[in-house]
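> this one's structure only:
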């Protein structure tokens, strides 16, 4: 039987907020997001460029975790959380670029994408690894990794509605003279927990990280000499790579002096071999 009171019901219509309330809310967000005096920032921060993407997401905390784990982004400062618990502003550093994000604020028209998806292009060293991690963490694979006239790349749609054109970074040409025999060419910082180390040294020293070619491996930008971070390692500390003129001759000398020498591997940057000295300390040798 129909309820006669149904005829008295009015359709649900959005209510325009009080203009004074809307003005106060806009001012509050502007003060929290755009204020130039940010006491928690340090001199190690990446400077803003002329154009800075500002993403709207439905779950900022999950988005921050996704972007740090998949793309190697580093948190810059602490997120600003408003009284109702929403993240009103956060900054992530992708290589040398800053991306800002916050949760939705329908009150001021700041909405996450629905139906249409904004696109961003990002260059990474480990293309296959980045795309694989994105899909494992809930992204939709729109275009598998493949070669094209413009280079190698793939496309994913992240769980928050943003489309990423992931491209393989071109190898950096070697600048300056070739390294001399015995010079330090590269060093790897081996740690138990890569995410904890990225957060700590990114904040303290301003290091930036991009995904490397091995599991839990990250390239460090800002450490001077070419360097990397490698997580999940039992032996912790710095592991050094030295340049040699003749790798075979150097390996023979290592063994002859009581050390050990692993097999020679061919990398994009030359020939390498993992060794230990006569005291059991590990290092690499490299012939460019």
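Yes, it's here. The structure presented is a predicted model; accordingly, all values stated were derived computationally and were not measured.

> ok, and the closest non-adjacent residue to residue 52?
Sequence neighbours aside, residue 98 is the residue nearest to residue 52 in space, at 5.6 Å (criterion: C-beta to C-beta, 6 or more residues apart in numbering). (C-beta placed from N, C-alpha, C; glycine too.)

> I meant residue 227, not that one.
residue 220 (4.3 Å).

> who does the one you found bridge with?
For residue 220, the beta-bridge partners are residue 209, residue 227 (DSSP bridges).

> how close does it get to residue 209?
6 Å (C-beta to C-beta, to the nearest Å).

> overlap in contacts of those two?
residue 229 (C-beta atoms under 8 Å, 6 or more residues apart in numbering).

> residues near residue 240, how many?
Other residues near residue 240 come to 14 when the count uses other C-beta atoms under 10 Å.

> tell me the SS of it?
Counting by DSSP: H, G, I helix; E, B strand; the rest coil, the backbone at residue 240 sits in strand.

> rewinding a little: mind listing what the residue nearest to residue 227 touches?
189, 207-209, 227-229.

> quick one: pLDDT of it?
In this prediction, residue 220 carries a pLDDT score of 86.

> identify the bridge partners of the residue nearest to residue 52.
Here residue 98, judged by DSSP bridges, has bridge partners residue 93.

> ok, it - contacts?
With contact set as C-beta under 8 Å, 6+ apart, residue 98 has these partners: 46-49, 52, 76, 91-92.

> remind me which residues of the stretch 1-150 of the chain are low pLDDT?
The stretch 1-150 of the chain contains residues with pLDDT under 70 at 1-45.

> picking up where we left off before, how close does the residue nearest to residue 52 sit to residue 50?
In this view, residue 98 and residue 50 are 12 Å apart by C-beta to C-beta.

> ditto for residue 151
Where residue 50 is concerned, residue 151 sits at a distance of 25 Å (C-beta to C-beta).

> and for residue 285?
Distance, residue 285 to residue 50, using C-beta to C-beta: 44 Å.

> element containing the residue lying closest to residue 238 once chain neighbours are set aside?
Computed as C-beta to C-beta, 6+ apart, the closest residue to residue 238 that is not its neighbour in sequence is residue 187, at 5.3 Å. Here residue 187 is covered by strand 184-190, with elements defined by DSSP states H and E.

> and the very next helix or strand once past that strand, what does it pack onto?
Downstream of strand 184-190, the next assigned helix or strand under DSSP H and E is helix 194-205. Judged by 3 or more C-beta pairs under 8 Å, 6 or more residues apart in numbering; DSSP states H and E, helix 194-205 is in contact with helix 60-71, strand 74-75, strand 208-211, strand 227-230.

> can I get these in CSV with distance to residue 83 and mean neighbour count?
Below are the helices and strands packed on helix 194-205 laid out as CSV (distance: least, C-beta to C-beta, whole Å; neighbours: other C-beta atoms under 10 Å):
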stretch, distance to residue 83, mean neighbour count
helix 60-71, 15, 20
strand 74-75, 22, 21
strand 208-211, 32, 23
strand 227-230, 37, 20
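
> and of these, who's closest to residue 113?
helix 60-71 (12.3 Å; C-beta to C-beta).

> quick one: contacts of that closest one?
So helix 60-71 is contacted by 55, 57, 73-75, 79, 86-87, 90, 92, 94, 99, 101-103, 122, 124, 130, 133-134, 137-139, 158-160, 195, 198, 211 (C-beta under 8 Å, 6+ apart).
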